[in-house]
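> need the 3D shape of this:
(one chain, ligands or ions: 1)
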Amino acid sequence: MLLEGKTIIVTGGNSGIGEAIVLAAAAEGANVVVDYVAHPAATTSVIDQVTAAGGHAIGVDADVSRLGDLYRMIVAAVNTYGSLDVMVNNAGVETRTSILETTEEQYEHVLDVNLKSAFFGTQFAAQQFMKQGTPGLVINISSVHEDWPMPGNIAYCVSKGGTRMLARTAGVELGRHGVRVVNVAPGAVATPINAATIDDPATLKELDAGIPLNRLAHSSEIADVVVFLASGKSSYMTATTVFVDGGIMQGSVGL
Ligand code: BGC
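Numbering: from 1, shown residues only. A predicted model of the protein is given here:
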């Protein structure tokens with residue numbers, strides 16, 4: 001198994017891409033730590049699925065936009081499984097609002113959940129790896145919108161643009177300490193965040209037409225890349241982004 005004995009934290013691991021990462025990592029032998037705040041029942045269900053399949057996972061009651069809660073996830077991982085190997089900063093939200101309508105409350109919520117948690121998740125994980133004296137990996141689940149404007153979703157784009165520079169700058173700062181930072185940037189994925197699009201056949205058709213592979217990704221296709229990165233087969237990758245987008249960034253709308 002690719003992740004046998006490794007301990008991995010997945011924030012936002014009870015839904016969408018995060019849930020797929022939890023299931024894929026556990027299936028490859030990892031010990032997985034998942035937070036819950038929004039949907040505790042969903043977390044219980046993910047953990048039950050992992051356990052039923054013979055894997056190892058625990059849930060931590062943590063709002064990852066609060067630093068104390070985020071830190072408790074690291075402590076829980078180390079106390080339960082002995083050390084931390086991979087930190088996946090995945091938790092993310094979006095408001096689908098433009099520059100003219102986004103409120104302060106919406107801005108703070110998106111930036112805190114998406115960027116602040118990834119920033120301090122990277123910091124806390126790096127400190128833990130250095131304390132352990134082991135190499136470590138931080139994976140931020142970013143988006144094609146770390147580099148590509150999405151009009152009408154500006155706070156999200158700003159947060160993901162931040163994670164782009166987080167991976168690059170933290171990757172450079174931490175390389176000498178044996179800590180790597182890599183972003184995974186999905187395109188359009190069939191997850192709850194895209195429910196409004198998926199439920200509207202005309203909008204979905206238009207979106208599919210702009211994707212060279214002509215369909216949304218399955219969340220497991222993003223999780224597969226995370227497993228590869230976490231597996232030890234990616235040891236020369238840092239301070240960069242892996243795009244997993246079906247070619248959407250190179251596609252032309254209306255193909
Ligand atoms: C956003 C989705 C969007 C997709 C492709 C994702 O990062 O969360 O709302 O459909 O990018 O543009």
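
> gap between the residue of the chain at minimum distance from the ligand and residue 244?
Per Cβ to the nearest ligand atom, residue 143 is where the chain lies closest to the ligand, at 3.3 Å. Glycine gets a C-beta too; all of them are placed from N, C-alpha and C. Per Cβ to Cβ, to the nearest Å, residue 143 is found 10 Å from residue 244.

> which neighbours do those two share?
With contacts taken as Cβ atoms under 8 Å, 6 or more residues apart in numbering, the residues that reach both residue 143 and residue 244 are 185, 186.

> output the set of residues of the stretch 51-200 of the chain in proximity to the ligand.
94, 143, 144, 145, 150, 187, 188, 193, 194 (Cβ under 6 Å from any ligand atom).

> out of those residues, which two sit at the greatest distance?
94 and 187 (14.3 Å; Cβ to Cβ).

> the longest helix belonging to the chain - what's its average pLDDT?
Counting by DSSP state H, the longest helix found in the chain is helix 154-174. Rounded to a whole number, the mean pLDDT of helix 154-174 is 98.

> any regions of the stretch 151-255 of the chain where pLDDT drops low?
For the stretch 151-255 of the chain, applying pLDDT under 70 flags the ranges 252-255.

> all helices of it, in order?
Counting by DSSP state H, counting those that start in this stretch, the stretch 151-255 of the chain has helices at residues 154-174, 195-198, 201-209, 219-230.

> who does the last one touch, helix- and strand-wise?
To tie it back to what came earlier, the one meant is helix 219-230. helix 16-27, strand 86-89, strand 136-141, strand 179-186, strand 240-244 (3 or more Cβ pairs under 8 Å, 6 or more residues apart in numbering; DSSP states H and E).
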